[in-house]
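Peer 1: Okay, sequence plus prediction incoming.
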Amino acid sequence: MPKSFQDEFDTASGVGGKHLAPKRALDYIVSFLTLTFLSAALAGGGILGLQLWDTGVILSGLVAQDDRVPQLEVAIVDGTNTGKAQAMGDRLLEEGWNIVSATSLSDFDPALEPAASTLIFLSSEAYRADAAGLLGTFPGAAITVSDQFLAPVTVLIGTDYLG
């Protein structure tokens, strides 16, 4: 077969090499897998970088978060029927507690007698350690587990509370 002008040009210019050789099926598979791996590594690195940046923002204090106060739901019930619940709920909100309701005992049943002592009711024993932080505001209050109220923690303000 006679040499063509293109063959002579390639030989003279040094053009040629493996990239011009005919490709086999295995070559295409290896190229595909290489590009897939590189794409996955690039995407994974980007996601990891964003996660680390997001964690850095949160941990650097740019997002306000009060670690002193547990964020469990606390309901306030005024057992004295004197309207202390809303004021106490506002006070605890300022301290960082998650107050979900502030009601009066008379809202449940107007015929109920005022509560004599302040009690902290837990819906589960698991909340005891977190609810103990309320003893700073309600010193001497008894903490007991009861299913009487729906909130995880309910504070019943009694007539013994002077605050």
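Peer 2: It's in.
Peer 1: Can you give me the buried ones in stretch 127-139?
Peer 2: Using 16 or more other Cβ atoms under 10 Å as the burial criterion, the residues of stretch 127-139 that qualify are 127, 130, 131, 133, 134, 137, 138. Just so you know, the C-beta spots here come from the backbone N, C-alpha and C atoms, and that holds for glycine as well.
Peer 1: Please disregard the earlier target; I meant stretch 146-159.
Peer 2: 149, 151, 152, 153, 154, 155, 156, 157, 158.
Peer 1: so the fifth one sits in a strand?
Peer 2: Yes. Assessed by DSSP: H, G, I helix; E, B strand; the rest coil, residue 154 belongs to a strand.
Peer 1: so who does it touch?
Peer 2: 74, 75, 76, 77, 120, 121, 148 (Cβ atoms under 8 Å, 6 or more residues apart in numbering).
Peer 1: between those residues, which is closest to residue 111?
Peer 2: Of all these, residue 111 sits closest to residue 77, with 15.8 Å by Cβ to Cβ.
Peer 1: pLDDT check: weakest of the buried residues of stretch 146-159?
Peer 2: Least confident of the buried residues of stretch 146-159 in the model: residue 149, at 84.
Peer 1: quick one: average pLDDT of the helix or strand containing residue 128?
Peer 2: Using DSSP states H and E, residue 128 sits in helix 128-131. Taken as a whole, helix 128-131 carries a mean pLDDT of 88.
Peer 1: What helices and strands are in contact with it?
Peer 2: strand 119-122, strand 142-145 (3 or more Cβ pairs under 8 Å, 6 or more residues apart in numbering; DSSP states H and E).
Peer 1: gap between the two ends of stretch 112-126?
Peer 2: Stretch 112-126 has an end-to-end distance of 30 Å (Cα to Cα, to the nearest Å).
Peer 1: And for stretch 126-134?
Peer 2: Across stretch 126-134, first to last residue, Cα to Cα, it's 15 Å.
Peer 1: residue ranges with poor pLDDT in the chain?
Peer 2: Counting by pLDDT under 70, the chain contains low-confidence residues at 1-17, 56-69, 162-163.
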